[in-house]
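K.L.:
The amino acid sequence is not available; the structure is as follows:
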Ligand SMILES: CC(C)(COP(=O)(O)OP(=O)(O)OC[C@H]1O[C@@H](n2cnc3c(N)ncnc32)[C@H](O)[C@@H]1OP(=O)(O)O)[C@@H](O)C(=O)NCCC(=O)NCCS
């Protein structure tokens, strides 16, 4: 089972940071970046403490695997975070590694320029056949990035090494550098969202609202199985 927590509008979340977080927040050059990071970090701490880890939110210890993927110290919990502008997505899994990506689908981005750099030739053909649209670009991109984050490398490795295939409306598979991932995609407001889970696990995804959890009201909706 994978729990997917999403907010696509700015939330009024009381800051909840460790002393190490405060140092990281101070290092941001722009206030807007500092505020967004503080908000997303506080959301992660509050949700993990409320639902998954028996620790006060400020006391959850985060460390990172060699590739940079964060984990909770002293816990086997698998989680991953993504933020883009005002949106935050947090995936928590008991079905193996998980990766999540949320992207604001900026209508002004010249995606055609990016495709040469990031798409495998098969993806390029698929993208062209599908009308070469912004929407399809972001679906492909989010699926690749979610898989790269599930593997824990991010795009320190070449994005072309994460190859999507077998697309249907809201799913595809992504062949990574280590294994095959199943990507589940949703589009919400101006954001494209994707969760990657091991293809062999066939995990169900439950979708929750961050806003409702922080207001202490529980929302539950099964989006995929
Ligand atoms: C991991 C990576 C993909 C994150 O990308 P991003 O779009 O900046 O950010 P997201 O909001 O989706 O994810 C950030 C979160 O992912 C998590 N994360 C960081 N490194 C990670 C890794 N190696 N694997 C999985 N998750 C990781 C962190 O929780 C981070 O949140 P934090 O900074 O608040 O702690 C980034 O490190 C990366 O490799 N960027 C490459 C830059 C790029 O776009 N290159 C394009 C080449 S053409």
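P.N.:
Yep, it's here. Values in this document were obtained by computation on a predicted structure and should not be read as measured data.

K.L.:
any idea how far the residue of the chain most remote from its centre is from residue 123?
P.N.:
The outermost residue of the chain, judged against the average C-alpha position, is residue 129 (27.0 Å), by CA atoms, centre = their mean. Residue 129 sits 11 Å away from residue 123, taking CB to CB, to the nearest Å as the criterion. Glycine gets a C-beta too; all of them are placed from N, C-alpha and C.

K.L.:
any idea how far residue 37 is from residue 138?
P.N.:
For residue 37, the distance to residue 138 - CB to CB - is 23 Å.

K.L.:
And for residue 16?
P.N.:
31 Å.

K.L.:
higher neighbour count, these two?
P.N.:
More neighbours surround residue 138 than the other of residue 16 and residue 138, with 24 against 19 (other CB atoms under 10 Å).

K.L.:
dump the residue contacts of the residue in the chain positioned nearest to the ligand.
P.N.:
The chain approaches the ligand most closely through residue 154 (2.8 Å), counting by CB to the nearest ligand atom. Residues in contact with residue 154 (CB atoms under 8 Å, 6 or more residues apart in numbering) are 67, 68, 69, 145, 148.

K.L.:
Could you find the closest non-adjacent residue to the residue nearest in space to the middle of the chain?
P.N.:
Nearest to the mean C-alpha position of the chain, counting by CA atoms, centre = their mean, stands residue 100 at 2.3 Å. Distances taken as CB to CB, 6 or more residues apart in numbering place residue 91 nearest to residue 100, at 4.1 Å, with adjacent residues excluded.

K.L.:
partners of the helix or strand hosting that neighbour in the sheet?
P.N.:
In this assignment (DSSP states H and E), residue 91 forms part of strand 87-93. Sheet partners assigned to strand 87-93 using DSSP bridges are listed as strand 2-7 (antiparallel), strand 78-84 (antiparallel).

K.L.:
ok now the lengthiest helix in the chain, how far from the chain's centre?
P.N.:
In the chain, taking DSSP state H as the definition, the longest helix is helix 31-51. Chain-centre distance of helix 31-51: 14 Å, with CA atoms, centre = their mean, to the nearest Å.
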